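A.B. asks: Quick one: sequence and predicted model below, then my questions.
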Amino acid sequence: MARTKKVTSAEILDATERVVVKLGSARLSIDAVAKEAGISKSRVVYDYKSKGALLEALIDRQFQRGSEQIDILVQECADTPHPELFARIKMSEQVPDDTEKAVAVAVSASVSSEATLKRKMQDWFDHDLKAIDNPIKREASYLAFFALVGFGCHEWLGLINWESKERLSFLDSIRTMYSSYPDKQS
C-alpha cells in the first residue's frame, strides 16, 4: 500500500510560489499546486479551499515576513528622524527576487475579483500608514511613504529593474525629502 506523502501548509505555499514563478498567475490552480507539491488535489483543497485562499495565505505569509523584518529594521533605524519610515526605506534597498515579483503580479491580477484579497491588501497598507503616521510631519511622512510605494510597485510588478546605484540614490532622496520637510507649525 502506498504511503501518503506528509506535507505542511508551508510546503504547499512554497509549491504555490513555484507554480506562480514557472507558469504565471493566470495558470495558478489548485491542481497545478498539487502536482508541484507531489500531493493530491484534495490535500490542497483541505488546507486552501480555492485559488483565492492560496493567494490570501501567500499575502499573510509575506506580511508576516515583512513585519518581522520591519521590526528588526526599526531597531536599526532608531537614531533616524523617523524609525518606522526609515526602516521601510531601508527594507526597499533589497531587490525583490523573482518569486516575490511573481507573487506580487499574481496578487495584483486577482485583487480586483477577490474581495477578501483586496481587504487583506488594504489592511496591509492601513497598517503601514498607521505605523508611519507622524503628527508633527504627517504630510512629509505620507509623501515619503507614497514615493516609496510608487518606487517599489514598479519594480515588484517587473516594470522597472533599478541598478543598485540608482536604487540607493532614489531611496536617499526619499529620506532627504522627509528630513528636509518643515515641521508642522502650531
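C.D. replies: Done, it's in.
A.B. asks: then stretch 34-42 to PDB, C-alphas only?
C.D. replies: Output of stretch 34-42 as PDB, limited to C-alpha atoms (Å, rounded to 0.1, in the frame of the first residue of the first chain):
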ATOM      1  CA  ALA A  34      -0.900  19.700  -6.000                       C
ATOM      2  CA  LYS A  35       1.200  18.500  -8.900                       C
ATOM      3  CA  GLU A  36       4.100  20.800  -7.900                       C
ATOM      4  CA  ALA A  37       3.900  19.600  -4.200                       C
ATOM      5  CA  GLY A  38       3.500  16.000  -5.200                       C
ATOM      6  CA  ILE A  39       0.300  15.600  -3.300                       C
ATOM      7  CA  SER A  40      -3.400  15.000  -4.100                       C
ATOM      8  CA  LYS A  41      -5.600  17.900  -5.100                       C
ATOM      9  CA  SER A  42      -7.900  17.100  -2.200                       C
END
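A.B. asks: ranges for the helices of this structure?
C.D. replies: For the chain, the helices defined by DSSP state H cover 9-23, 30-37, 41-47, 51-76, 83-91, 98-111, 115-132, 138-156, 164-180.
A.B. asks: what's near enough to touch Pro81?
C.D. replies: Neighbouring residues of Pro81 by C-beta atoms under 8 Å, 6 or more residues apart in numbering: Tyr178, Ser179. Backbone N, C-alpha and C define where each C-beta goes, glycine included.
A.B. asks: counting contacts, what elements does the lowest-mean-pLDDT helix or strand in the chain pack onto?
C.D. replies: Lowest on mean pLDDT, DSSP states H and E among the helices and strands of the chain sits helix 98-111, with a mean of 84. Packed against helix 98-111 by the contact rule (3 or more C-beta pairs under 8 Å, 6 or more residues apart in numbering; DSSP states H and E) you find helix 9-23, helix 51-76, helix 115-132, helix 138-156.
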